[in-house]
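Asks: dropping a prediction and its sequence here:
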Amino acid sequence: MVIAALVAGLYAWNLARTFDENSNKLADAFPAEETRPEVKDESKDAINILLLGTDTREERSEDEQGEDFATLPNGGRSDTMMLVHIPSDRKNVFVTSIMRDTWLDIPGVGTAKINRAFASGGVPKAVETLEGLFGIRINHVASIDFEGFKGLTDAVGGVTIDNPIAFTPVHAKGYYFPEGVQKLDGDNALAFVRERKAFTGAGGSDYRRVKNQQLFVKALIGQILSKETLTSPSKIQNVVSEIAPYVAVDDTLDSAKIAGIASSMLNIRSDDMTFFTLPNNGPGRSADGQSIVIPDMETINKFGEALQNDTVDEFVATTDLSQ
């Protein structure tokens, strides 16, 4: 029994060391304290994590040249943004995708695309913008490069998705994703989450890409939380080893903190996770002619109140979030 405990402890220590030594740190990830909202008692035990999807591709499509991307410690540029809300009761997880062209008030900048927050002030400005929008504190920030999806997908033995729309990627040559259930390896996963130009029409392009990213992330988490992965020390080691180099986290989010959060969510499975896009009124044009996503501020304000009061489950149950 003692030997088993020692072996388990050594294994856990090795996993923690692997993550802490190989992941990058986001220094000064948060804005000045005086700019940050107070936390309500109702939500003091909830956790809000800003998850950034980044892309370190050197080659970019012609339409992406000149766009605002923030360079992060792992060399990536901000390309995808999700707010992960873990309620106090730890019974669910809510993940909100924020379209990168969403037209919002950015402190010190004015009204602009949310991605402009990164270009003007990096991660702290993005955190300040979202904290002001929702009236909450973001507890942690993590950025994950899309390249990390490749190794992570292979580390768990592939990820099975149910693709609702068949498409052939425009930029990733040699791939085709039929409609229906299919298993993705790392290379396929990377092509799947990156593609946007294959989609056109209302709700296409970035909208479809965001949906595909939500679909993949949920399936990936389901695979990570599966019995096949959790009962295999070698798979767990591979998951940590593969993802760590592609992750940058704030200074307070080390392996001990992650383990603490994870231990409070042992009963969570992928079916307990709800993904939706920040409510908006579709694409439009700014006064100066930029292509933007028009936020639905009435619904966003209700979402902010739900975050503040730790009642996101009620908000989701009573709000049409089907876009």
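Replies: Arrived safely.

Asks: burial measure for the nearest residue to residue 223 once chain neighbours are set aside, as a count.
Replies: Of all residues not flanking residue 223 in the chain, residue 156 sits nearest, at 4.6 Å (CB to CB, 6 or more residues apart in numbering). For every residue, glycine as well, the C-beta is placed using N, CA and C. By other CB atoms under 10 Å, the residues close to residue 156 number 21.

Asks: contacting residues for residue 156?
Replies: 220, 223, 224, 226, 229, 235, 238, 239 (CB atoms under 8 Å, 6 or more residues apart in numbering).

Asks: equivalent analysis for residue 154, please.
Replies: Going by CB under 8 Å, 6+ apart, residue 154 touches 185, 186, 242.

Asks: in what helix or strand does it lie?
Replies: Residue 154 belongs to helix 146-155 when elements are defined using DSSP states H and E.

Asks: one step back: ok, the contacts of residue 154 vs residue 120, which is closest?
Replies: Relative to residue 120, the closest of the contacts of residue 154 is residue 242; by CB to CB it sits at 32.9 Å.

Asks: ok, then the element right after the host helix or strand of the closest one?
Replies: Secondary structure from DSSP H and E places residue 242 in helix 233-243. Later in the chain than helix 233-243, the nearest helix or strand by DSSP H and E is strand 247-250.

Asks: what about the strands in the stretch 101-250 of the chain?
Replies: For the stretch 101-250 of the chain, the strands defined by DSSP state E, counting those that start in this stretch occupy 103-106, 110-113, 140-145, 159-163, 180-184, 247-250.

Asks: could you export those strands as JSON lines, including mean neighbour count?
Replies: Listed next are these as JSON lines, based on neighbours: other CB atoms under 10 Å:
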{"stretch": "strand 103-106", "mean neighbour count": "20"}
{"stretch": "strand 110-113", "mean neighbour count": "16"}
{"stretch": "strand 140-145", "mean neighbour count": "23"}
{"stretch": "strand 159-163", "mean neighbour count": "17"}
{"stretch": "strand 180-184", "mean neighbour count": "14"}
{"stretch": "strand 247-250", "mean neighbour count": "24"}
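
Asks: which residues does residue 93 contact?
Replies: 84, 85, 86, 265, 268, 272, 273, 274.

Asks: so it bridges to which residues?
Replies: residue 273 (DSSP bridges).

Asks: quick check: pLDDT value at it.
Replies: Residue 93 is assigned a pLDDT of 95 by the prediction.

Asks: quick one, what contacts the residue nearest to residue 114 when sequence neighbours are not counted?
Replies: Spatial nearest neighbour of residue 114, chain neighbours left out: residue 102 (4.8 Å); criterion: CB to CB, 6+ apart. Contact analysis of residue 102 by CB under 8 Å, 6+ apart lists 113, 114, 278, 280, 292, 293, 295.

Asks: equivalent analysis for residue 188, please.
Replies: By CB under 8 Å, 6+ apart, the neighbours of residue 188 are 175, 177.

Asks: what about 10 Å?
Replies: Listed by CB atoms under 10 Å, 6 or more residues apart in numbering, the contact set of residue 188 reads 150, 153, 158, 159, 161, 169, 172, 175, 176, 177, 182.

Asks: distance check, the residue nearest to the third one when sequence neighbours are not counted against residue 35.
Replies: Spelled out, that is residue 158. Once flanking residues are discounted, residue 158 sits nearest to residue 183: 4.8 Å by CB to CB, 6+ apart. For residue 183, the distance to residue 35 equals 46 Å [CB to CB, to the nearest Å].
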